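> After the sequence you'll find the predicted model.
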Number of protein chains: 2
Amino acid sequence: VSNPRELEFQTLLATAHALADKSGAVILPHFRTDGAVDHKGGDLFDPVTKADRDAETAIREGLAQAYPSHGILGEEFGATATDAEYCWIIDPIDGTRAFILGLPLWGTLIGLTRAGLPLLGLMDQPFTRERFWSGETESFFGHDGATKTMRTRPCGELGQALLATTSTDFFTSEEEHRRFGALSSAVRLRRFGGDCYNYCLLAMGHIDLVVEAGLKPFDILPLIPIVDRAGGIVTSWEGADPREGGRIVAAGDRRAHAAAVKMLTG
Amino acid sequence: VSNPRELEFQTLLATAHALADKSGAVILPHFRTDGAVDHKGGDLFDPVTKADRDAETAIREGLAQAYPSHGILGEEFGATATDAEYCWIIDPIDGTRAFILGLPLWGTLIGLTRAGLPLLGLMDQPFTRERFWSGETESFFGHDGATKTMRTRPCGELGQALLATTSTDFFTSEEEHRRFGALSSAVRLRRFGGDCYNYCLLAMGHIDLVVEAGLKPFDILPLIPIVDRAGGIVTSWEGADPREGGRIVAAGDRRAHAAAVKMLTG
């Protein structure tokens, strides 16, 4: 660590890791529990909401101790002091449906913005013991104590691209279905499912395009620096600022991104 | 172990576990390798095929030593002595697309039939270190050294059911899309992706229905005893014998199964 700015970044990143350690310990006992979904009545999402809330509470408590002046935007408890210079973005369980069905493809998203710009991001999967995060200039993958750098892979043409999307059920208009259908007809392979995991595997160089709709800011903000610093790009379907969520396209190669944006706006 | 038949079953099951240990060690080095998919040309499925072949070869070598008289039906090397009383059914990597994209939702399927009837089944996921298998009368889940019994959960009505299917891209006719669409409109939640994992999570009581099409015998035979002995049922969409694959519906509760078959044949 060679300068104060880098030291500050590393301290903030260490906090993100510590928060993920906490949230994983809180969420894991709720995963695949008996009766997690009570068919006798009530909201299907209740058990997830409980794990979500407990995890976000744990993360907020950690942040209140470490950085009481920082803002927080969380899925469960909304916005707190989000006009602060630093603002943490928390989605305790991204991939609610995967969580409910017992699939280990959900993840805890922890991001940090400075003056509104994504500064760092982290995705934690405590069941598989995988963690994906952004450094200042690179992205990393940790698994079972080993850490490696992640890089997106080259993909010059849509005809080569492997595309992932969680579900077409999140597309809300015929127009969205039509555009996505046109794009996915042009790629080499498409696969459904995956949630936040897809963006991390794009950063790792195994997926070329992730295309989604209906995302909230906390669904995407923590993932942007992970993709960016692995060499990829995240925008709206129109190629614009992705920070508000909505319709998102991520690519590992700018050529595939440009070609995808062209089809998603056509 | 109280009688010769049970002793024989336990010996065969121990062989299945030993084969899964071997196949996992062979496949894992191929998972998420750099350049696993070569965009410069060639078949997208080549790297999977290599892992598939190496694993099936290792399994076949193990079986040739342990049970030289048994038959084998494998995805890669076809049928060998499948008129024998005992026949092993091998799909080294079920969930090829998941494997290619780096998602840990593929699995190694190892099944055994006696006189054509499913005797035992095992699904191994070496990356997450999860294993699902059938005993003689129950099904089990092993993870990180701990083993627990699996049971399907009650689900009396389609309106309560959580449904999983890998992809509607495997439906080949308008009729299949229409029937699946009608069923999935009637359930509480549907999710895409999952492959063989979905059947195991149904056995574990987290998924109520799995509906697929275009399956091969080796895609489904090893999963049938896992679902059956956890209290569930696997049939064709018409409610008939599922052993040939094709269009498959699995359910954790016979009431949900009957209601699903009604919609899938309507």
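Structure received.

> Look at A:Gly159 and say how many residues are nearby.
12 (other Cβ atoms under 10 Å in any protein chain shown). In this view, the C-beta of every residue, glycine as well, is placed from N, C-alpha and C.

> got the contact list for it?
A:186-188 (Cβ atoms under 8 Å, 6 or more residues apart in numbering or on different chains).

> can you pull the contacts of the residue in chain A that chain B sits nearest to?
The minimum distance from chain A to chain B, using Cβ to the nearest Cβ, falls at A:Gly193 (2.1 Å). Shown in contact with A:Gly193 (Cβ under 8 Å, 6+ apart): A:98, A:103, A:105, A:164, A:166-167, B:103, B:105, B:191-194.

> try it again with 6 Å
The contact partners of A:Gly193, taken as Cβ atoms under 6 Å, 6 or more residues apart in numbering or on different chains, are B:192-193.

> Then A:Trp106?
A:93, A:95, A:98-99.

> where along the stretch 1-150 of chain A do the strands fall?
A:71-74, A:78-80, A:86-94, A:107-114, A:117-125, A:130-134, A:139-143, A:146-150 (DSSP state E, counting those that start in this stretch).

> Pull up the residues of the stretch 1-150 of chain A that are close to chain B.
Residues of the stretch 1-150 of chain A lying close to chain B by Cβ under 6 Å from any Cβ of the partner chain are A:39, A:97, A:101-102, A:128.

> Point out the least confident one among these.
Ranked by pLDDT, those bottom out at A:His39 (53).

> do stretch A:170-183 and chain B meet?
No - Stretch A:170-183 is not in contact with chain B by Cβ under 6 Å from any Cβ; minimum separation 11.0 Å.

> Now that stretch - C-alpha only, PDB.
C-alpha atoms of stretch A:170-183 as PDB (Å, rounded to 0.1, in the frame of the first residue of the first chain):
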ATOM      1  CA  PHE A 170     -38.800  -9.900 -15.700                       C
ATOM      2  CA  PHE A 171     -39.500  -8.400 -19.100                       C
ATOM      3  CA  THR A 172     -42.600  -6.400 -18.800                       C
ATOM      4  CA  SER A 173     -43.500  -5.400 -22.400                       C
ATOM      5  CA  GLU A 174     -43.800  -7.100 -25.800                       C
ATOM      6  CA  GLU A 175     -41.100  -4.700 -27.000                       C
ATOM      7  CA  GLU A 176     -38.700  -6.000 -24.300                       C
ATOM      8  CA  HIS A 177     -39.400  -9.600 -25.300                       C
ATOM      9  CA  ARG A 178     -39.000  -8.800 -28.900                       C
ATOM     10  CA  ARG A 179     -35.700  -7.100 -28.500                       C
ATOM     11  CA  PHE A 180     -34.300  -9.700 -26.200                       C
ATOM     12  CA  GLY A 181     -35.500 -12.400 -28.600                       C
ATOM     13  CA  ALA A 182     -33.700 -10.800 -31.500                       C
ATOM     14  CA  LEU A 183     -30.500 -10.500 -29.500                       C
END
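
> So for that stretch, what gets flagged as buried?
Neighbour counts over stretch A:170-183 (16 or more other Cβ atoms under 10 Å in any protein chain shown) mark A:171, A:176, A:179-180, A:183 as buried.

> wait, what's in contact with A:Ile59?
A:19, A:23, A:90.

> now these as TSV including distance to B:His30, pLDDT and neighbour count?
Converted to TSV, the contacts of A:Ile59 look like this (distance: Cβ to Cβ, whole Å; pLDDT from 0 to 100; neighbours: other Cβ atoms under 10 Å in any protein chain shown):
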residue	distance to B:His30	pLDDT	neighbour count
A:Leu19	34	98	24
A:Ser23	32	97	27
A:Ile90	36	97	26
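
> For B:Leu109, state which of those is nearest.
A:Ser23 (33.9 Å; Cβ to Cβ).

> Looks like the closest one contacts A:Thr108 (just checking).
Yes - here A:Ser23 lies in contact with A:Thr108, judged by Cβ atoms under 6 Å, at a distance of 4.8 Å.
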